[in-house]
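> Structure of the sequence below:
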Amino acid sequence: MNKIIGLGCIAFLLASCGGGEKKAEKQQVPEEVKPLVSKNSGAFNQSFGKLLDTYESLKNALVEYDTAAANTAAAALAISVKEVSVSDIQGDSTGAIRETAASYTAAIESSANEFISSADITKKKRQFQSISDAMYDLARTVRYDQEKIYRQHCPMAFNDDEEAFWLSSSNEVVNPYLGKKHPKYKGGMLHCGDVTDSLDYH
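Next comes the predicted model:
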């Protein structure tokens, strides 16, 4: 049965992945907010690395369908995103990068708090989608250069036909939208998805 589900996912991806890539291409950071240099301060890198760690914990909790762990991770995320040292971003002569980064950190904090207050797992995943999109734009804006970040895509995250994205430190697809205990697919769609982008500013 898992093989059949897996083949269905592959067929779905072949039909829809192109659309996901086109969407990713449209979401580009405006040229004027790109930093002049790619290296940031140690304080900034440390705070951003902590943010990525808490995001990873949230993603993993969703994979496991562990709402208690997910709420704990979302609370940690809301704290860590406030601690991101936006003022330590370097190569920003006009302040546009810091301003843009601050708007993304505020969006992440808001979605993390909404995640916690949402009782339904599907609503939590919707907030995770918002968090993931803002995290991706934030990482590109500040050009975080301490590790490679992969953007991954699920073509059937909601209602079997709505796509969504997430971030990962690995190119292996472990899908937090479908996870290990999906009500319809169980764990059969855990590795359904593809990599649409990678951020590597080393």
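
> rest of the way, CA atoms for contacts and neighbours
OK.

> Pull the residues that contact stretch 73-88.
40-41, 43-44, 47-48, 50-51, 54-55, 57-58, 61, 98, 101-102, 105-106, 108-110, 112-113, 115-116 (C-alpha atoms under 8 Å, 6 or more residues apart in numbering).

> Excluding chain neighbours, what is closest to the residue positioned nearest the centre of the chain?
Centroid-nearest residue in the chain: residue 132, 2.7 Å away (criterion: C-alpha atoms, centre = their mean). Once flanking residues are discounted, residue 132 sits nearest to residue 166: 5.1 Å by C-alpha to C-alpha, 6 or more residues apart in numbering.

> And what about the one you found, helix, strand or coil?
At residue 166, secondary structure determined by DSSP: H, G, I helix; E, B strand; the rest coil is strand.

> gap between it and residue 176?
Going from residue 166 to residue 176 by C-alpha to C-alpha, to the nearest Å gives 8 Å.

> for stretch 69-80, which positions count as buried?
69-71, 73-78, 80 (16 or more other C-alpha atoms under 10 Å).

> Kindly state the neighbouring-residue count (a burial measure) for the residue nearest to residue 132.
26 (other C-alpha atoms under 10 Å).

> residue contacts, it?
129, 132-133, 151-153.

> now residue 173
152, 190-195.

> Repeat the analysis, applying 10 Å as the threshold.
Under the criterion of C-alpha atoms under 10 Å, 6 or more residues apart in numbering, the neighbours of residue 173 are 150-154, 166-167, 190-195.
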